[in-house]
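S.K.: sequence unknown, structure follows:
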């Protein structure tokens, strides 16, 4: 019998990264939306973050294909949930910032599905 005297390394949740065609463009959208600054940037990758918060990354994919949600032909790949105090005000603001709103809204009284400039679905939901 052997005894493992090593302890597991510590892990912490650092960031989520989205595939896209233009990391700079998509990072501007989310940076403005979430009040995050660029922590690291190359032509092919941008990492946003702020003190004490989980970051968001954006990486260039040469053959990037926009999600086609709700049509499953090109999967949504990932989506982020954002809590808001007022759905109507938040939706209006996001549309002004470049988001789009698909026709299909599963539970519009509770949450709204929007698409970021690269086509990734994301949701806004009222905080309960």
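M.R.: In hand now; what should we look at? Keep in mind that what you see is a predicted model, and the values were worked out from it rather than measured.
S.K.: can you tell me the centre-most residue of this protein?
M.R.: The residue lying closest to the centre of the chain (CA atoms, centre = their mean) is residue 80, at 4.6 Å.
S.K.: residue 18 contacts residue 61, doesn't it?
M.R.: No: Residue 18 lies out of contact with residue 61 (CB atoms under 8 Å); the separation is 9.6 Å. C-betas here are computed from N, CA, C, even on glycine.
S.K.: and these two? Which one has more around it.
M.R.: A direct count of neighbours by other CB atoms under 10 Å for residue 18 and residue 61 places residue 18 higher, at 22 against 13.
S.K.: so what's the residue lying closest to residue 13 once chain neighbours are set aside up against?
M.R.: Closest residue to residue 13 apart from its sequence neighbours, by CB to CB, 6 or more residues apart in numbering: residue 54 at 5.6 Å. Applying CB atoms under 8 Å, 6 or more residues apart in numbering, we find residue 54 in contact with 13-16.
S.K.: just give me how far the lengthiest helix in the chain sits from the chain centre.
M.R.: Longest helix in the chain, counting residues (DSSP state H): helix 23-34. Distance, stretch centre to chain centre, for helix 23-34: 9 Å (CA atoms, centre = their mean, to the nearest Å).
S.K.: swap in stretch 13-21?
M.R.: Relative to its chain's centre, stretch 13-21 lies at 7 Å (CA atoms, centre = their mean).
S.K.: strand partners (parallel or antiparallel) of the helix-or-strand element of the chain with minimal mean pLDDT?
M.R.: Within the chain, confidence by mean pLDDT, DSSP states H and E is lowest for strand 80-84 among all helices and strands, at a mean of 86. Using DSSP bridges, strand 80-84 pairs in its sheet with strand 121-126 (parallel).
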